[in-house]
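Need coordinates for the below:
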Amino acid sequence: MPKSRRSAALTGLSITIAGSGPYTLTRSAGDFLASGVKKGDIVRLTAGAFNVANLNKNLLVTAMTSTVLTVRVLNGSALVTEGPIASATVTLPGKKTFAPTSGHTNKSFSIEHWYGDLAQSEVYTGCQPSTLDFQLPASGLATLGIGIMGQGVNTAASQYFTSPNAATTTGLLAAVNGILLVGGVPVASLTGLTLNVQSNRSGDPVVGSNVIPTLFPGRILASGQAAAYFDSVTLRDAFLNESEFELIMALSADNTAAAAFLSLALPRCKANGHTLNDGEGGLVATIPFQALLPLTGGSGIANELTTISVHDSAA
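Residues are numbered from 1 along each chain as shown. Take a look at the predicted model:
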């Protein structure tokens, strides 16, 4: 299973804000890399005598060094240059998760379907997510399909989970709210994007039982496909030259400064095609791509050693 963690707020910093979009957040001492901040994370300035325009805004980290974060404001508003501001706090809301190269755990869940009108319960046990399918249309809501593999089902005439948690009230994400970066450069020509993550779980039946004893996690693979107007040769040449690129997608629930968000970072991708639709209207290219394990990553480096990492403000 992926590794999850909640990053502690970075307190007591002295921060200077510079630039005109993208902006830089420079600390006078200490180390952002050692603190666990990575490219693709979203941070907020939550304390310090900052101009009110700088506080509690979603700031996407697009590049970084040990002392400098290069950020873009997720809702497109402006920051005010100022500093150094003492006693500042940089917060990473929610949690981050990624697929580590080792130290995996094999967690499973039980899912109940309760039919109140029939007084029948079906509890599906040993359930594990096996696939994730992100759909990011040019208009409308972003969607996520989750494939589930399970071990067995238990039936009963009474409800098993009698006090389930209430459904969340977090706003829905839309692909039009946010930022897409290819190789650190914003791209606004995509007409659609899909991303598929597979964990390749498997399990074999055993003699004497009608339940598979366990599901074994396999290699986690991430791939996708982009459709984009052919307004530059960047993606075409990435395919022709077999160049690798970083892909970061940050989506928010609305355009407010501290909206709920989801950020996906794929530090090393490779295009494996570039097909043009030469019909009427704008030329649209279809570019399938594969995420690869980066050559370096982890502690003290600007990306995790993983094919994909996720930062979720509501986790």
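
can you pull out the strands in the stretch 51-200 of the chain?
Along the stretch 51-200 of the chain, counting by DSSP state E, counting those that start in this stretch, strands occupy 59-64, 68-73, 82-91, 95-98, 109-115, 120-137, 143-149, 152-156, 174-182, 185-186, 190-198.

May I have the first one exported as CSV, CA atoms only?
Just to be clear, that refers to strand 59-64. What follows is strand 59-64, C-alpha atoms only, in CSV (Å, rounded to 0.1, in the frame of the first residue of the first chain):
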residue,chain,number,x,y,z
LEU,A,59,0.7,28.1,-3.3
LEU,A,60,1.8,25.3,-5.6
VAL,A,61,5.5,24.5,-5.3
THR,A,62,6.9,24.3,-8.9
ALA,A,63,10.7,24.4,-8.1
MET,A,64,12.8,24.6,-5.0
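
centre of the chain versus it, how much separation?
14 Å (C-alpha atoms, centre = their mean, to the nearest Å).

rewinding a little: so can I have TSV of the strands of the stretch 51-200 of the chain showing mean pLDDT?
Listed next are those as TSV, based on pLDDT from 0 to 100:
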stretch	mean pLDDT
strand 59-64	96
strand 68-73	96
strand 82-91	96
strand 95-98	91
strand 109-115	94
strand 120-137	92
strand 143-149	91
strand 152-156	92
strand 174-182	83
strand 185-186	84
strand 190-198	89
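
Using a markdown table, lay out those strands together with distance to Ser252 and mean neighbour count.
(C-beta placed from N, C-alpha, C; glycine too.) Shown next, in a markdown table, are the strands of the stretch 51-200 of the chain (distance: least, C-beta to C-beta, whole Å; neighbours: other C-beta atoms under 10 Å):
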| stretch | distance to Ser252 | mean neighbour count |
| --- | --- | --- |
| strand 59-64 | 10 | 22 |
| strand 68-73 | 11 | 20 |
| strand 82-91 | 16 | 17 |
| strand 95-98 | 17 | 20 |
| strand 109-115 | 28 | 13 |
| strand 120-137 | 13 | 17 |
| strand 143-149 | 15 | 13 |
| strand 152-156 | 38 | 12 |
| strand 174-182 | 5 | 20 |
| strand 185-186 | 15 | 12 |
| strand 190-198 | 16 | 19 |
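
what would those strands look like in a markdown table with distance to Ala315?
Formatted as a markdown table, the strands of the stretch 51-200 of the chain follow (distance: least, C-beta to C-beta, whole Å):
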| stretch | distance to Ala315 |
| --- | --- |
| strand 59-64 | 17 |
| strand 68-73 | 21 |
| strand 82-91 | 14 |
| strand 95-98 | 4 |
| strand 109-115 | 16 |
| strand 120-137 | 15 |
| strand 143-149 | 14 |
| strand 152-156 | 28 |
| strand 174-182 | 17 |
| strand 185-186 | 26 |
| strand 190-198 | 16 |
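
Which one of these lies nearest to Pro288?
When those are compared for distance to Pro288 using C-beta to C-beta, the nearest one is strand 190-198, at 9.4 Å.

how far off strand 143-149 does the closest one point, in degrees?
20 degrees (axes from the mean of the first three to the mean of the last three C-alpha atoms, to 10 degrees).

Now do the residue lying closest to Lys95 once chain neighbours are set aside: how many residues are near it, please.
Excluding the flanking residues, the one nearest Lys95 by C-beta to C-beta, 6 or more residues apart in numbering is Ala315, at 3.8 Å. Using other C-beta atoms under 10 Å, Ala315 has 13 other residues around it.

what's the answer for Ala259, then?
Around Ala259 there are 20 residues (other C-beta under 10 Å).

Please name the nearest non-neighbouring residue to it.
Ser252 is the one closest to Ala259 (C-beta to C-beta, 6+ apart), at 4.2 Å.

dump the residue contacts of the one you found.
Applying C-beta atoms under 8 Å, 6 or more residues apart in numbering, one finds that Ser252 lies in contact with Asn58, Leu74, Asn75, Leu173, Asn177, Gly178, Ala259, Ala260, Phe261.
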